[in-house]
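>>> With the sequence up front, the predicted model follows.
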Amino acid sequence: MRSFLFLAVALPLVVAAAPFPTRASLPVEAQPSQAVPAAPPLPRHMVFDVPALCALTIGQIRRQLGTPNLDDSEPIPDPSRFEETHWSKTYRREGMELRLDYVRKTGKILRCYLSPAGDAAIPAQELTRLLATGHLTGRPKGLRIKPIFVHQDPTSHRYATVMVEVH
């Protein structure tokens with residue numbers, strides 16, 4: 001009985017004295033990692049002139065920008081227009097990536113996506129700078145600009161890309 005009493009009194013003291021692991025004390029590999037890495041600093045100048053490029057065909061863009069870094073390997077079906085097959089080409093420059101979706105038969109640009117290269121995301125306060133790298137400040141005629149949040153989650157306060165639709 002005496003040993004039981006001793007354990008009943010001493011055990012809570014030992015448990016209370018033991019430090020509980022905190023986030024800072026966990027080993028690095030045990031700490032949760034972010035799903036999307038932060039983007040490196042964005043360029044402070046225009047990298048792609050998106051409004052001018054959207055007015056061209058894919059052939060004209062290829063002559064202007066050269067060979068794409070990632071070429072279309074398979075058509076991308078557009079569910080809203082089954083009769084046309086859309087393909088894409090991606091250009092990378094100065095840490096930025098521009099993916100162009102176009103109609104294969106005509107070469108007409110349908111939409112493009114401007115983002116930091118890789119899977120990086122930018123904080124919301126950097127959106128203006130991201131738009132400036134694509135010459136998308138103001139309201140370019142004939143273009144609809146849609147910032148896209150990381151994982152379509154506006155509470156993340158980080159952007160994955162900017163979609164530019166040609167209309």
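Perfect, thanks for sending it.
>>> Show me what the closest residue to residue 48 other than its chain neighbours bridges to in the sheet.
Beyond its immediate neighbours in the sequence, the residue positioned closest to residue 48 (Cβ to Cβ, 6 or more residues apart in numbering) is residue 98, lying 4.8 Å away. Bear in mind the C-beta positions are built from the backbone N, C-alpha and C, glycine included. As for beta bridges, residue 98 partners with residue 91, residue 114 under DSSP bridges.
>>> count of neighbours near residue 98?
When counting by other Cβ atoms under 10 Å, one arrives at 25 neighbours for residue 98.
>>> pLDDT at it, what is it?
At residue 98, the pLDDT value in this model is 94.
>>> my guess is it meets residue 50, correct?
Yes. In this structure, residue 98 sits in contact with residue 50. The criterion is Cβ atoms under 8 Å, and the distance is 7.1 Å.
>>> what do those two both touch?
Common neighbours of residue 98 and residue 50, counting by Cβ atoms under 8 Å, 6 or more residues apart in numbering, are 112, 114, 134.
>>> wait, the first one sits on residue 49?
Just to be clear, that refers to residue 112. No. Here residue 112 does not reach residue 49: they are 11.4 Å apart, not a contact under Cβ under 8 Å.
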